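>>> Based on what follows, work out the 3D shape:
(one chain, ligands or ions: 1)
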Amino acid sequence: MIDLRIRAATRDDAGAVLAFWSESAEGTSVSDDLAGVTRLVERDPEALILAVADGVIVGSVIAGWDGWRASLYRLAVLPSYRRRGVSTALLRAAEERFLTLGGRRVDAMVLVANETGQLLWTAAGYERQEQWRRWVKPLTE
Ligand SMILES: CC(C)(COP(=O)(O)OP(=O)(O)OC[C@H]1O[C@@H](n2cnc3c(N)ncnc32)[C@H](O)[C@@H]1OP(=O)(O)O)[C@@H](O)C(=O)NCCC(=O)NCCS
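I've put the predicted structure just below:
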């Protein structure tokens, strides 16, 4: 049994979170830098949820809420802590946050090739929607 603490990240965690993501996350984000993480926690101090064990970040999820959508990003668990319920605990915390804020449905983007990701989301009760494609446009160079 892991002694797991689930808590919101602060700006002081930004460097450790980036190091954790480089080891544990799947894919990268355009916001993967100190300015990006700091902007997130300053805009919404409850959005970046961490799982901490023995003082070390072992899991993360971003629970983004803009008043309309409840979206999950950056779900990741340290390789040595996987299959021990860390994601399950993070998703429980994220879903509780959304419910408190009035969210009605949660969404998550999952890379098509991420088979483990698909298994996790399915196990967590999420259903894949086939009728959508992501459209993007960079705002900066
Ligand atoms: C996907 C990931 C976040 C899962 O985290 P985790 O803490 O190991 O997940 P949990 O222990 O809470 O697993 C919950 C359930 O999901 C399913 N699951 C999770 N990992 C699985 C795997 N490797 N193979 C099969 N099923 C898996 C199982 O049903 C599991 O329940 P069980 O262990 O009782 O069988 C982790 O493997 C990870 O960080 N992967 C790299 C990053 C990533 O792909 N993130 C998802 C982005 S969409």
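
>>> Would you mind listing what in this protein touches the ligand?
By Cβ under 6 Å from any ligand atom, the residues of the chain that approach the ligand are 24-26, 75-77, 82-88, 110, 114, 116-117, 119-120, 123. No exception for glycine: its C-beta is placed from N, CA and C like everyone else's.

>>> Just the ones of those residues in helices?
Residues of the residues of the chain next to the ligand located in helices (DSSP state H): 24, 86-88, 116-117, 119-120, 123.

>>> Buried ones among those?
Buried by 16 or more other Cβ atoms under 10 Å: 24, 86-87, 117, 120, out of those.

>>> just curious, which of these is nearest to residue 69?
Nearest to residue 69, judged by Cβ to Cβ, of those is residue 117 at 19.5 Å.

>>> Return the lengthiest strand in the chain as PDB; C-alpha atoms alone will do.
The longest strand of the chain (DSSP state E) is strand 56-65. The C-alpha trace of strand 56-65 is given here as PDB (Å, rounded to 0.1, in the frame of the first residue of the first chain):
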ATOM      1  CA  VAL A  56       8.400  12.700  -4.600                       C
ATOM      2  CA  ILE A  57       6.000  13.500  -7.400                       C
ATOM      3  CA  VAL A  58       4.700  10.100  -8.600                       C
ATOM      4  CA  GLY A  59       1.700  11.200 -10.500                       C
ATOM      5  CA  SER A  60      -0.100  14.100 -12.100                       C
ATOM      6  CA  VAL A  61      -3.200  15.200 -13.900                       C
ATOM      7  CA  ILE A  62      -4.400  18.600 -15.100                       C
ATOM      8  CA  ALA A  63      -8.100  19.100 -14.400                       C
ATOM      9  CA  GLY A  64      -8.900  22.000 -16.600                       C
ATOM     10  CA  TRP A  65     -12.300  23.800 -16.100                       C
END
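
>>> Okay, strands next: where are they in the chain?
Using DSSP E, strands in the chain cover 4-8, 48-53, 56-65, 70-77, 106-108.

>>> Quick one: list the elements packing against the shortest one.
Packed against strand 106-108, as judged by 3 or more Cβ pairs under 8 Å, 6 or more residues apart in numbering; DSSP states H and E, are the following elements: strand 70-77, helix 86-101.

>>> List the contacts of residue 62.
Counting by Cβ atoms under 8 Å, 6 or more residues apart in numbering, residue 62 makes contact with 40, 47-49, 72-74.
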